[in-house]
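*Asks:* just the structure for this:
(chains A and B)
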2 protein chains.
Amino acid sequence: MASAADAGAPDRLMAAATNSDFAYQRLAFLCDTFGPRFSGTSNLEAALDWILSEMKHDGLENVHGEEVMVPHWVRGVESAEMLQPRPRRLPMLGLGGSIATPPEGLTAEVLVVKSFAELKERAAEAAGKIVLFNVPFTTYGQTVVIRVRGAIEAARAGAVASLIRSVTPQSIQSPHTGVMVYSNSVPKIPHAAITVEDAEMMQRMQDRGQKIIVRLTMNAQTLPDTPSRNVIAEITGREKPDEIVIVSGHIDSWDVGQGAMDDGGGAMAAWEALRLMHNLGLRPRRTVRLVLWVNEETALAGARGYERRHKSELPRHVLAIESDRGTFRPEGFSVVGTKEARRAAEKWAAPLARIGADKIFAQGSEADVAQLEQDGVPTMALIDDESKYFWFHHTDADTIDKLNPRELAACSAAMAVMAYQAAEAPLPLPRSLTPSHE
Amino acid sequence: MASAADAGAPDRLMAAATNSDFAYQRLAFLCDTFGPRFSGTSNLEAALDWILSEMKHDGLENVHGEEVMVPHWVRGVESAEMLQPRPRRLPMLGLGGSIATPPEGLTAEVLVVKSFAELKERAAEAAGKIVLFNVPFTTYGQTVVIRVRGAIEAARAGAVASLIRSVTPQSIQSPHTGVMVYSNSVPKIPHAAITVEDAEMMQRMQDRGQKIIVRLTMNAQTLPDTPSRNVIAEITGREKPDEIVIVSGHIDSWDVGQGAMDDGGGAMAAWEALRLMHNLGLRPRRTVRLVLWVNEETALAGARGYERRHKSELPRHVLAIESDRGTFRPEGFSVVGTKEARRAAEKWAAPLARIGADKIFAQGSEADVAQLEQDGVPTMALIDDESKYFWFHHTDADTIDKLNPRELAACSAAMAVMAYQAAEAPLPLPRSLTPSHE
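*Replies:* Coordinates of the predicted model:
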């Protein structure tokens, strides 16, 4: 292995990444073989076992799982049917964490609203009804609040269940699941997503003065938390082994599709970054630690567990990078940190100009690494072309065919170069001036 | 009503069409109220009753249904599951006309092929298996042959069932149905469509040497033919009432979605064309006959019945126009007829330059009016921006939200102008020089 800084390393990492479809083929195998990797499932644990074994075969160092307890929600059998004004089976997905309906289902009139504000205005009409939030997609950040908090707002108005229009700008009658929350101050009610098409249809029916009746049947259960694992592997630092650069993605997914985009691709790009450094005999100044976070999707139990377990090390975590936006064509990185950190990132990203991935954005983080920001750890998120990401996000169609071997390879190159540069730089990134816990 | 040629009529028709969302709102009501309009269903007959009643309210002339017997295939309950190498429910749609499986389903190993040619090469491997045709979408015309003839070719190789990759360039785990045929020379086997995602997954699994087992369960039935109707309405010609210009779309749809694009939009654009002529008091030289064909989707029983019933009139059918490509942004018309006919069409289309719909294409017809070409009737098809048509074609997502009020209005304008010009022109279009039956 190299025993000193290696100026040609970024170019060699990029060449190795972009001349190979290894990461794509490995991800395809993972996706096809284990299926979705939902917290609490044997699919996920089997995938983690395989990953740990493969990482050892790769020759990575310090390969191990770190146990965390994760929530275990089980979707079970579920359905939604419109009974009036016309019978129609509604494609649907219950939202993660929802309670069940009674076994025979829950049949009620539907009140369609376009916003929380409209629900407030019409609260008197909502009692005893199923509230349907027909809120068009604007940005994910703006729209997802309806999914997360819809059951609370609907229950506050007296609804017996709530439905959302799936959070997506494009639909082929495709329901999108995702996480939701309850509040202790209002009753818990079942909460599910239907399609854009059916939400718009019921809006039109209501606008025509028609009475809409839906039967919702869900037997979802929340079982006791179960043990799972963050997966860790490293290349120990040449000079400063106790200074750590995290390169990461999350390994869990929703319980539909294959979790290829979200976040198999991100996990694989991070893994491939470390594998390529190892294969090229690169051992940068600091330790590069690959973390595949578990349970990003429902409770961030993996990232929270890591933050607790590694608390004493966090002052020496010089950077935490995550990819969790689909691994389409990479554009660069967003940086959460000081202006000086952004300037350093710009310098480190310069070699990525060759693959168009050298832009540095001022804000935006990913959920797992964001858990470390409270400890003053600078973070970066890989930014890519998200134009189709939300078409497939949290659906049965989040499958490997949505990704492109060349684009995933470019994401691996970007992750490898940035992680290497951060681990090799003479000085670490300046830390945040206002950490919560230092 | 005008009693002579009216040079301003095309502009008035365009203005009336494009200043209104009447056609869109009427189509939305039709789609939402009656649901899919599949041959043999009470949905279709209820929709036809409503349409006949509305046409009379519109003040159209000679409004009536013309009975034809249509096939009556019933999908019933159906499912497909991959059992090995990993359990997965496969979204699917049986193909129209398929036989059922045994009640307990049909479980067999899968052989994936990429073409009829590959199946021929590997015919020895196909016996007793389910053949999956994993044929990517190129053009609809090229790809659809796999859907139509797949069961024949698979049965010829000894397969017990056949599956196709849905005929579409874009998928969100969305199965697409459509018509298929059997041959008397080989056994009939069940035939269904799965999604692009699952077809590609099984291809990868086979390429990795994995054994794939699928259980297919379909209880489809073909019931006796049932009576249905073409719907007809007219504006009788001012000078030559026995010369006829047909303006048309088909009113039946598949049994999923709403048949909004295919072909509710085309039927509505044709209907709106006649309604606007009536509202503007236009009575062109020849009769304009609106025909809403029934049963385009499975057997063309409507068009064939019309051709038989109106045989003696067909020499005086001067043109038959159909819209059956989704009523997105209109571009013009394709013309099946002589070079002189195309020249006349170019002249008649000239006013449509204002809405970008004045292009004349040399070939391409629609299935219903094509039935009249054997009688020497010149035909035209409305051409529009088809870029997303096949994303939703024959799926549960062929719903009104896929259409745009402005674009549908422009299609209505194009249909109205072309039908008016053909009906008003001093000389009719030159007929084909080589009709089959004159």
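*Asks:* tell me the helices and strands packed up against the helix or strand A:Ser334 falls within.
*Replies:* Assigned by DSSP states H and E, A:Ser334 belongs to strand A:330-336. Secondary-structure packing of strand A:330-336 (3 or more C-beta pairs under 8 Å, 6 or more residues apart in numbering or on different chains; DSSP states H and E): helix A:339-349, strand A:359-361, strand A:379-384, helix A:405-424. (C-beta placed from N, C-alpha, C; glycine too.)
*Asks:* for the second one, buried residues please.
*Replies:* Which is strand A:359-361. A:Ile360 (16 or more other C-beta atoms under 10 Å in any protein chain shown).
*Asks:* the last one now?
*Replies:* Judged by neighbour count using 16+ other C-beta under 10 Å, the buried positions of helix A:405-424 are A:405, A:407-424.
*Asks:* ok and the worst-scoring helix or strand of chain A on mean pLDDT relative to strand A:379-384, angle-wise?
*Replies:* Within chain A, confidence by mean pLDDT, DSSP states H and E is lowest for helix A:339-349 among all helices and strands, at a mean of 93. If you take axes from the mean of the first three to the mean of the last three C-alpha atoms, to 10 degrees, helix A:339-349 sits at 50 degrees to strand A:379-384.
*Asks:* what angle separates helix A:339-349 from helix A:405-424?
*Replies:* Using the same axes, to 10 degrees, the direction of helix A:339-349 lies 120 degrees away from that of helix A:405-424.
*Asks:* ok, and what's touching helix A:339-349?
*Replies:* For helix A:339-349, the surrounding residues in contact (C-beta atoms under 8 Å, 6 or more residues apart in numbering or on different chains) are A:332-333, A:335, A:357-360, A:362, A:378, A:380, A:417-418, A:421-422, A:425, A:429-430.
*Asks:* recalculate using a threshold of 7 Å.
*Replies:* A:332-333, A:335, A:358, A:360, A:362, A:378, A:380, A:418, A:421-422, A:429-430 (C-beta atoms under 7 Å, 6 or more residues apart in numbering or on different chains).
*Asks:* now pLDDT and distance to B:Ala350 too, for those, in a markdown table please.
*Replies:* Shown next, in a markdown table, are those (pLDDT from 0 to 100; distance: C-beta to C-beta, whole Å):
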| residue | pLDDT | distance to B:Ala350 |
| --- | --- | --- |
| A:Gly332 | 98 | 51 |
| A:Phe333 | 98 | 55 |
| A:Val335 | 95 | 58 |
| A:Asp358 | 98 | 52 |
| A:Ile360 | 97 | 54 |
| A:Ala362 | 86 | 54 |
| A:Pro378 | 94 | 65 |
| A:Met380 | 97 | 59 |
| A:Met418 | 98 | 59 |
| A:Gln421 | 98 | 63 |
| A:Ala422 | 97 | 65 |
| A:Leu429 | 85 | 66 |
| A:Pro430 | 83 | 68 |
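*Asks:* farthest-apart pair in those, please.
*Replies:* A:Asp358 and A:Pro430 (20.3 Å; C-beta to C-beta).
*Asks:* out of the two, which sits in the busier spot?
*Replies:* Higher neighbour count among A:Asp358 and A:Pro430: A:Asp358, with 21 against 16, using other C-beta atoms under 10 Å in any protein chain shown.
*Asks:* distance of the more buried one from A:Ala15?
*Replies:* Distance of A:Asp358 to A:Ala15, computed by C-beta to C-beta, to the nearest Å: 16 Å.
*Asks:* any residues of the stretch 1-150 of chain A in contact with chain B? List them.
*Replies:* Contact residues, the stretch 1-150 of chain A versus chain B (C-beta under 7 Å from any C-beta of the partner chain): A:Ala28, A:Asp32, A:Thr33, A:Gly35, A:Arg86, A:Arg88.
*Asks:* hmm, back to that, list the buried residues of the least confident helix or strand of chain A.
*Replies:* A:Ala341, A:Arg342, A:Ala344, A:Ala345, A:Trp348, A:Ala349.
*Asks:* how does chain A divide up, domain by domain?
*Replies:* Domains of chain A are assigned by automatic domain parsing as A:9-72+A:224-424, A:76-219.
*Asks:* single out the most deeply packed of those.
*Replies:* Mean neighbours per residue, mean count of other C-beta atoms under 10 Å in any protein chain shown, is largest over the domains of chain A for domain A:9-72+A:224-424, with a mean of 22.
*Asks:* for the stretch 251-400 of chain A, give me the ranges with low pLDDT.
*Replies:* Nowhere does the stretch 251-400 of chain A drop to pLDDT under 70.
*Asks:* can you pull the contacts of A:Gly259?
*Replies:* A:Pro36, A:Arg37, A:Ser253, A:Asp398.
*Asks:* and the last one, how far from chain B?
*Replies:* When distances are taken as C-beta to the nearest C-beta, to the nearest Å, A:Asp398 and chain B turn out to be 9 Å apart.
*Asks:* list the contacts of that residue.
*Replies:* Counting by C-beta under 7 Å, 6+ apart, A:Asp398 has contacts A:Gly257, A:Gln258, A:Gly259, A:Ala260, A:Met261, A:Asp262, A:Phe392.
*Asks:* mind putting these into TSV with secondary structure?
*Replies:* Listed next are the contacts of A:Asp398 as TSV, based on DSSP: H, G, I helix; E, B strand; the rest coil:
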residue	secondary structure
A:Gly257	coil
A:Gln258	coil
A:Gly259	coil
A:Ala260	helix
A:Met261	helix
A:Asp262	helix
A:Phe392	helix
